[in-house]
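Participant: below: sequence and its predicted model.
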Amino acid sequence: MGWERRHVCLRRGARARAECTSRGSCGSSRRFRSHRIDLPAVGCGHRIRTRCGGARGGSAHVDPRREARDTFVLGLTGPIACGKTTAGDILLELGAGERIDADIVTHELMLAGTETSEAIRERFGDDVMQPDGNVNRGHLASVVFEDHAALETLEAIAHPAVCRVIRNRLASLAGQGGVVVVDAVKLLQSELVTLCREVWIIDCNAETQMRRLMENRGMAVEDAKARLEAQPSFEHDVVSRTIDNSGTIYDLRRGLEHAWQELSV
């Protein structure tokens, strides 16, 4: 299928129904900026963010999604450069109590002294390590993107540890109520998908992906294509909703607000 990946269609349960809305071009399209090193998705990980403060404007209204007795796990996934992290930020603003971001725990597991970083050193050698003992993620990314077997080895090292961290965190939140967002590129390939009550995909067209990768992450055309080629499949019967983010940040927020109001908590 190549990097010109077709759109994933909206699904509710096992019933697929198309709900892809075409958008015109917009000169004010929001650019997603990132200074991180992009490693291949190695399963799942977490960044914990919580929503602080009360209702805006002094309102006494409490979102029932935050007060539900049982914790509602909302899976959030989607291709690179489609704005998944921004969508997670908006969901926190809308009332999600916490977000567990897959990328960050992967980075944390690559810090000096962890079992994961030592296993990476043993397999890939000192060349992928920094003097401080942390994994040099940029160099490791360049190695595994050029070697599929090396990528599979990296996933085999990191995936179990990252998933274990997320499962433990979700277990600690059991019974606290509200919505917890699990944000992971390879959510659909992970056992964690079985813990999600709904799964949303943040998608965008291939041209938008390429533009964002080159303009906002400074990638050359061939590097951007390689990142897109390495993306996992996002077709799965458990997908509840696909939200297109080929337009502006305002378009994305409207789509998320609509989906949030329909969330079956």
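Facilitator: Nice, thanks for sending it over.

Participant: tell me where the stretch 101-250 of the chain has helices.
Facilitator: In the stretch 101-250 of the chain, helices defined by DSSP state H, counting those that start in this stretch lie at 102-109, 115-124, 137-145, 148-173, 206-217, 221-229, 249-261, listed in chain order.

Participant: highest mean neighbour count out of the ones you listed?
Facilitator: helix 102-109 (a mean of 22; mean count of other Cβ atoms under 10 Å). The C-beta positions use only the backbone N, C-alpha and C, and glycine is treated the same way.

Participant: so that one versus helix 148-173, what angle?
Facilitator: Helix 102-109 runs at 100 degrees relative to helix 148-173, counting by axes from the mean of the first three to the mean of the last three Cα atoms, to 10 degrees.

Participant: okay, helix 102-109 in PDB with CA atoms only?
Facilitator: Output of helix 102-109 as PDB, limited to C-alpha atoms (Å, rounded to 0.1, in the frame of the first residue of the first chain):
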ATOM      1  CA  ALA A 102       2.800   5.300  25.100                       C
ATOM      2  CA  ASP A 103       5.800   7.200  23.800                       C
ATOM      3  CA  ILE A 104       7.000   8.600  27.100                       C
ATOM      4  CA  VAL A 105       7.400   5.400  29.100                       C
ATOM      5  CA  THR A 106       9.300   3.900  26.200                       C
ATOM      6  CA  HIS A 107      11.700   6.800  26.500                       C
ATOM      7  CA  GLU A 108      11.800   6.400  30.300                       C
ATOM      8  CA  LEU A 109      12.700   2.700  29.900                       C
END
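
Participant: got the angle between that helix and helix 115-124?
Facilitator: 80 degrees.

Participant: before we move on, back to that, go through the helices of the stretch 101-250 of the chain and find the least confident stretch.
Facilitator: If you rank the helices of the stretch 101-250 of the chain by mean pLDDT, helix 221-229 sits at the bottom with a mean of 83.

Participant: what's the distance between the closest residue to residue 94 other than its chain neighbours and residue 108?
Facilitator: Once flanking residues are discounted, residue 94 sits nearest to residue 260: 4.8 Å by Cβ to Cβ, 6 or more residues apart in numbering. The spacing between residue 260 and residue 108, counted by Cβ to Cβ, to the nearest Å, is 29 Å.

Participant: how about residue 255?
Facilitator: Counting by Cβ to Cβ - residue 255 and residue 108 are separated by 31 Å.

Participant: what's the answer for residue 193, then?
Facilitator: With distances taken as Cβ to Cβ, residue 193 is found 22 Å from residue 108.

Participant: report the contact partners of residue 255.
Facilitator: If a contact means Cβ atoms under 8 Å, 6 or more residues apart in numbering, then residue 255 has 243-245 as its contacts.

Participant: against residue 135, how distant is it?
Facilitator: Look at residue 255 and residue 135: by Cβ to Cβ, they are 36 Å apart.

Participant: just residue 121 next, same as before
Facilitator: Taking Cβ to Cβ, one finds residue 121 at 8 Å from residue 135.

Participant: could you tell me which residues touch both of the two?
Facilitator: Counting by Cβ under 8 Å, 6+ apart, the shared contacts of residue 121 and residue 135 are 128-129.

Participant: can you put the helices of the stretch 101-250 of the chain in CSV and add distance to residue 90?
Facilitator: Converted to CSV, the helices of the stretch 101-250 of the chain look like this (distance: least, Cβ to Cβ, whole Å):
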stretch, distance to residue 90
helix 102-109, 17
helix 115-124, 31
helix 137-145, 27
helix 148-173, 21
helix 206-217, 17
helix 221-229, 24
helix 249-261, 5
